[in-house]
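*Asks:* Sequence first, then the predicted structure:
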Amino acid sequence: MQFPTSVKDHPVVEQAVRRLDGLGDPRYGRMLVRCLDDTLARTINPMPDGTAFVVTGDIPAMWLRDSTTQMTPYLALMRDATALQDLVVAVLARQFQQIEHNPYANAFNAEPSGRAHDPDDLCDDPWVWEQKYEVDSLAFPLLLAHRFWRATGRTDHLARAAHVARIVIGVWRTEQDHEARSSYRFVRATGPQSDTLPNAGRGTPVARTGMTWSGFRPSDDACVYGYNVPANLSAAAALDGVADIAHHLADTALADDAVRLAAELREAVLAHGTVRHPDFGSIYAYEVDGRGNALLMDDANMPSLLSLPLVAGVATTDPLYLATRRFILSRANPTWYRGTAAEGVGSPHTPENHIWPIAIAVQGLTSNTAADRLKALTTLIETDAGTGAMHESFHKDDPHRFTRPWFSWANAMYAELALDVVELGTRFLWSAGGGG
């Protein structure tokens with residue numbers, strides 16, 4: 001099967017470039033086309049079974065989370081674009097196949113090659129690149145399945161999505177009682193402490209709260225405390241989509257299960273995942289353990305607390321979100337940096353004083369003002385080190401000191417923000433009631 005390798009001639013992209021050029025800097029539009037086309041031309045691998053395997057960029061594996069975000073900006077281009085629609089269906093089919101094969105893995109090989117991030121991990125499945133269990137790895141493909149349906153009205157993937165949703169719900173139910181019911185373990189003998197789980201691979205102890213446990217964050221770093229708050233809220237949003245799909249398929253049992261679990265996750269986050277900060281009032285914690293411990297920070301990787309309006313259906317005007325946002329974008333957040341080149345959120349996954357373009361894009365996309373969105377877009381083109389591409393992170397004082405020269409997720413976030421700035425992004429698609 002052949003998939004598109006460029007969208008530079010797509011009517012929406014052409015319109016976006018014209019509008020971006022009207023802002024006075026041709027780099028805005030050039031970067032948009034380059035980022036969209038790079039993903040299509042260099043990261044998509046058609047497979048013999050009709051699915052599409054999507055590498056992250058400079059790592060030859062497919063992450064469930066990353067492949068979702070890499071496809072997200074194209075949702076704004078779906079109408080009357082059958083080839084793009086077929087591509088997303090093929091990516092979803094591959095994601096569903098991977099979840100069915102091993103729902104605790106976060107990244108996969110294109111074939112059973114045995115290639116792995118670390119061959120000495122406990123997992124010896126030759127299809128698995130890495131088995132770091134992350135709640136968001138299961139949530140993001142379900143979010144994509146539902147949003148694709150809404151964007152296009154296509155239903156040929158929904159039955160498979162419902163089947164996979166039952167697997168996901170089963171895992172999330174098991175991990176609501178991780179200590180008593182889960183058999184998942186992750187041990188890595190080499191590398192930093194953030195690359196393995198303590199307590200013989202079980203993770204730090206947690207009490208039952210109603211949230212679902214995660215071994216690792218969206219950064220692939222180990223959770224300090226086992227309940228990652230943004231991942232739980234993202235899971236609840238994914239379940240909302242599952243319920244919508246299930247109603248369409250007249251699957252009342254699945255719809256009821258999804259609605260019930262989504263409510264449990266949200267109620268548990270409000271009861272156990274918020275804290276009272278002396279300067280910011282009630283805010284979301286990043287991680288908690290149900291035993292009285294809470295980690296106050298954010299991580300640039302999505303789902304983050306900053307990205308809750310994008311991945312969890314939280315309103316940008318919600319008071320709890322706004323208080324949390326003020327904390328995240330301040331010196332009180334240990335991962336927020338301000339330098340001579342930029343300011344923004346970084347991650348313990350990358351060196352200190354490094355800001356993530358993904359977080360800058362998220363900050364723009366979740367702002368309530370057009371000026372802030374344009375400011376974020378300008379910051380991104382001013383900090384690409386002249387490469388014409390987004391990077392994983394860059395030093396706050398020197399964008400030429402960056403990590404990962406080819407990181408497709410970051411390119412996708414630039415594209416998503418650029419389309420949004422000129423009112424052609426997915427936010428406007430949903431508000432117009434497109435699809436489904």
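*Replies:* Received it, and whenever you're ready, just let me know what you need.
*Asks:* how about residue 266, secondary structure?
*Replies:* Three-state call for residue 266 (DSSP: H, G, I helix; E, B strand; the rest coil): helix.
*Asks:* which residues touch stretch 304-313?
*Replies:* Outside of stretch 304-313, the residues within contact range by C-beta atoms under 8 Å, 6 or more residues apart in numbering are 139-140, 143, 218, 229-230, 233-234, 236-237, 240, 284, 286, 298, 302-303, 314-316, 321, 324-325, 328-329, 345, 359, 362-363, 365-366. Glycine gets a C-beta too; all of them are placed from N, C-alpha and C.
*Asks:* so what's residue 254 up against?
*Replies:* Counting by C-beta under 8 Å, 6+ apart, residue 254 touches 162, 165, 166, 242, 243, 246.
*Asks:* Among the residues you listed, which one sits closest to residue 262?
*Replies:* residue 243 (7.3 Å; C-beta to C-beta).
*Asks:* Now list the buried members of the contacts of stretch 304-313.
*Replies:* Among the contacts of stretch 304-313, those classed as buried by 16 or more other C-beta atoms under 10 Å are 139-140, 143, 218, 229-230, 233-234, 236-237, 240, 284, 286, 298, 302-303, 314, 321, 324-325, 328-329, 345, 359, 362-363, 365-366.
*Asks:* Show me where the stretch 151-300 of the chain has its helices.
*Replies:* Under the criterion DSSP state H, counting those that start in this stretch, the stretch 151-300 of the chain contains helices at 158-174, 178-181, 198-201, 229-248, 252-272.
*Asks:* of the ones you listed, which approaches residue 412 most closely?
*Replies:* Residue 412 sits nearest to helix 229-248 of all the helices of the stretch 151-300 of the chain, at 16.9 Å, using C-beta to C-beta.
*Asks:* Off-centre distance for that closest one?
*Replies:* 14 Å (C-alpha atoms, centre = their mean, to the nearest Å).
*Asks:* Just want the angle from that helix to helix 252-272.
*Replies:* 160 degrees (axes from the mean of the first three to the mean of the last three C-alpha atoms, to 10 degrees).
*Asks:* Give me the angle between helix 229-248 and helix 158-174.
*Replies:* Using the same axes, to 10 degrees: helix 229-248 against helix 158-174 is 140 degrees.
*Asks:* Secondary structure element holding the residue most central in space within the chain?
*Replies:* The residue lying closest to the centre of the chain (C-alpha atoms, centre = their mean) is residue 302, at 4.1 Å. Secondary structure assigned from DSSP states H and E places residue 302 in neither a helix nor a strand.
*Asks:* Could you do residue 401 as well?
*Replies:* Using DSSP H and E, the element containing residue 401 is strand 398-403.
*Asks:* and that strand, what does it pack onto?
*Replies:* strand 354-355, strand 393-395 (3 or more C-beta pairs under 8 Å, 6 or more residues apart in numbering; DSSP states H and E).
*Asks:* Can you lay out these as CSV showing mean neighbour count?
*Replies:* Formatted as CSV, the helices and strands packed on strand 398-403 follow (neighbours: other C-beta atoms under 10 Å):
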stretch, mean neighbour count
strand 354-355, 26
strand 393-395, 26
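*Asks:* give me the low-pLDDT residue ranges for this structure?
*Replies:* 429-436 (pLDDT under 70).
*Asks:* still on that earlier bit, which residues touch the residue nearest to the centre of the chain?
*Replies:* For residue 302, the contact set (C-beta under 8 Å, 6+ apart) comprises 65, 69, 136, 218, 230, 310, 311, 358, 362.
*Asks:* show me what contacts the closest residue in space to the first one that isn't next to it in sequence?
*Replies:* Nearest residue to residue 65 in three dimensions, chain neighbours excluded: residue 140, at 4.8 Å (C-beta to C-beta, 6 or more residues apart in numbering). Contact partners of residue 140, counting by C-beta under 8 Å, 6+ apart, are 64, 65, 68, 69, 234, 238, 311.
*Asks:* what about residue 140, distance to residue 303?
*Replies:* Using C-beta to C-beta, to the nearest Å, residue 140 is found at 8 Å from residue 303.
*Asks:* which neighbours do these two share?
*Replies:* 234, 311.
*Asks:* if we can go back for a sec, quick one, phi psi at the residue nearest to residue 65?
*Replies:* Backbone geometry at residue 140, expressed as degrees, to the nearest 10, gives phi -70, psi -40.
*Asks:* Could you do the one 10 residues further on as well?
*Replies:* When read as degrees, to the nearest 10, the backbone of residue 150 gives phi -60, psi -40.
*Asks:* so what's residue 283 bridging to?
*Replies:* residue 275 (DSSP bridges).
*Asks:* Tell me if I'm right that it and residue 320 touch.
*Replies:* Yes: contact criterion C-beta atoms under 8 Å: residue 283 and residue 320 qualify, at 7.1 Å.
*Asks:* residues shared between the contacts of the two?
*Replies:* residue 274.
*Asks:* Settle it for me: which of the two has more neighbours?
*Replies:* Comparing residue 283 with residue 320 by other C-beta atoms under 10 Å, the one with more neighbours is residue 283, at 23 against 17.
*Asks:* which residues does that one contact?
*Replies:* Residues in contact with residue 283 (C-beta under 8 Å, 6+ apart) are 274, 275, 277, 296, 320, 323, 324, 327.
*Asks:* quick revisit: could I get the contacts of residue 302 as TSV with distance to residue 156 and secondary structure?
*Replies:* Output for the contacts of residue 302, formatted as TSV (distance: C-beta to C-beta, whole Å; DSSP: H, G, I helix; E, B strand; the rest coil):
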residue	distance to residue 156	secondary structure
65	24	helix
69	23	helix
136	25	helix
218	29	coil
230	31	helix
310	26	helix
311	25	helix
358	31	helix
362	31	helix
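*Asks:* for these, which one is nearest residue 206?
*Replies:* For those, the nearest to residue 206 is residue 230 (16.8 Å; C-beta to C-beta).
*Asks:* got the contact list for that closest one?
*Replies:* 284, 286, 302, 303, 304, 305, 307, 308, 311, 312.
*Asks:* Am I right that residue 41 sits in a helix?
*Replies:* Yes: the assignment for residue 41 is a helix, going by three-state DSSP.
*Asks:* Just give the closest residue to residue 101, not the sequence neighbours.
*Replies:* residue 127 (6.0 Å).
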